[in-house]
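Chemist: Fold the following, please.
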Amino acid sequence: MNKSELIEALSKKENLTEKKAMDVVNLLFNGFTEELKKGGRIEIRGFGSFVVRAYDSYTGRNPKTGSNIDVAPKRLPFFKVGKELKEKINAS
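Modeler: Have a look, this model is predicted:
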């Protein structure tokens, strides 16, 4: 499912216009993004949680040229699946 399919499903299920459903989905995603940018954690019970993991700088290798490159430190979002979702998926 992609974002537009989510918007369409929400608009049909809750009898909303596509514009209102898009506003709800964008509000939710923007809220998640802002919380993760601040270093916060998002937990959706029964589904999973999102956290930001920090990675130190390291020396990598350019696969095309074989030369060494310095990779800057970075922060990346990480998703950990919840127990209930894992059980539902494995039950089918």
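Chemist: Give the buried residues for stretch 8-19.
Modeler: Neighbour-count burial for stretch 8-19, counted by 16 or more other CB atoms under 10 Å, picks out 10-11. Just so you know, the C-beta spots here come from the backbone N, C-alpha and C atoms, and that holds for glycine as well.
Chemist: which residues sit against it?
Modeler: If you take CB atoms under 8 Å, 6 or more residues apart in numbering as the criterion, stretch 8-19 is touched by 1, 7, 20-21, 24-25.
Chemist: Leu76 contacts Leu36, correct?
Modeler: No. Counting by CB atoms under 8 Å, Leu76 does not reach Leu36; the two are 9.9 Å apart.
Chemist: Looking at these two now, which is surrounded by more residues?
Modeler: Applying other CB atoms under 10 Å to Leu76 and Leu36 shows that Leu36 carries more neighbours, namely 18 against 10.
Chemist: Give the next helix or strand downstream of the helix or strand where the more buried one lies.
Modeler: Using DSSP states H and E, Leu36 sits in helix 18-37. Per DSSP H and E, the first helix or strand lying C-terminal to helix 18-37 is strand 42-44.
Chemist: The very next helix or strand once past that following strand: which residues count as buried?
Modeler: Once the chain leaves strand 42-44, the next helix or strand it forms, by DSSP H and E, is strand 48-55. Within strand 48-55, the residues that count as buried by 16+ other CB under 10 Å are 48, 50, 52.
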